[in-house]
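S.K.: Need coordinates for the following:
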Amino acid sequence: MKPRHNIYIDADTSAELEALAARPGTSKSAIIGDALRHYFRHRGANALEEALRIRLDRLSRESALVRRDIDVLTESLAFFVRLYLTFNAHTPVPDKSTQAVANERYQKFIEQVGRQIAGGRKSFESDEAEAEQ
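M.R.: The predicted structure is shown next:
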């Protein structure tokens, strides 16, 4: 036996319920029962949203850590290239002219990296495109 419930709904909702219940093979009780089951079932969606929010927060923190690591690697690479160009400037004693050559090479390196990034090219792609220029 199903328990009886007396409810009050607004006139517009009542009219929609009447129109829906007028279809063959359905009743007001079935419609309201289905609507309540659906409501109760999806009430747990808030728990899912909370779980997704927590996951997204964690992904955001991890993304920030990855970004920091990339910044460190970028700075390390830039420092290494500058150091490499300083010590391989083809003069035996690092003096002012050696530093000038190293700085010039470093600026050319930075410009080349900028051109490659702006052009969408990667260092690991073939050098055929560069030879065509």
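
S.K.: Skipping adjacent residues, who's closest to residue 21 in space?
M.R.: Distance criterion C-beta to C-beta, 6 or more residues apart in numbering; nearest residue to residue 21, sequence neighbours excluded, is residue 28 at 4.6 Å. Any C-beta I mention is one placed from the backbone N, CA and C, and that applies to glycine too.

S.K.: Against residue 22, how distant is the one you found?
M.R.: Counting by C-beta to C-beta, to the nearest Å, the gap from residue 28 to residue 22 is 10 Å.

S.K.: got it, and residue 72?
M.R.: 69 Å.

S.K.: what about residue 116, how many neighbours?
M.R.: Neighbour count of residue 116, defined by other C-beta atoms under 10 Å: 14.

S.K.: Hmm, I typed the wrong one, I wanted residue 102.
M.R.: 21.

S.K.: helices and strands around the helix or strand hosting residue 64, which ones?
M.R.: Using DSSP states H and E, residue 64 sits within helix 45-87. Packed against helix 45-87, as judged by 3 or more C-beta pairs under 8 Å, 6 or more residues apart in numbering; DSSP states H and E, are the following elements: helix 96-119.

S.K.: For the helix it packs on, buried residues please.
M.R.: Using 16 or more other C-beta atoms under 10 Å as the test for burial, helix 96-119 gives 98, 101, 102, 105, 106.

S.K.: out of these, who's nearest residue 11?
M.R.: residue 106 (78.2 Å; C-beta to C-beta).

S.K.: shouldn't the closest one be in contact with residue 81?
M.R.: Yes - taking contacts as C-beta atoms under 8 Å, residue 106 lies within contact range of residue 81: 6.6 Å.

S.K.: Just the element for residue 15, please.
M.R.: helix 11-21.

S.K.: next helix or strand past that helix?
M.R.: helix 28-42.

S.K.: Contacts for that following helix, please.
M.R.: Applying C-beta atoms under 8 Å, 6 or more residues apart in numbering, the contact partners of helix 28-42 are 2, 7, 17, 18, 20, 21.
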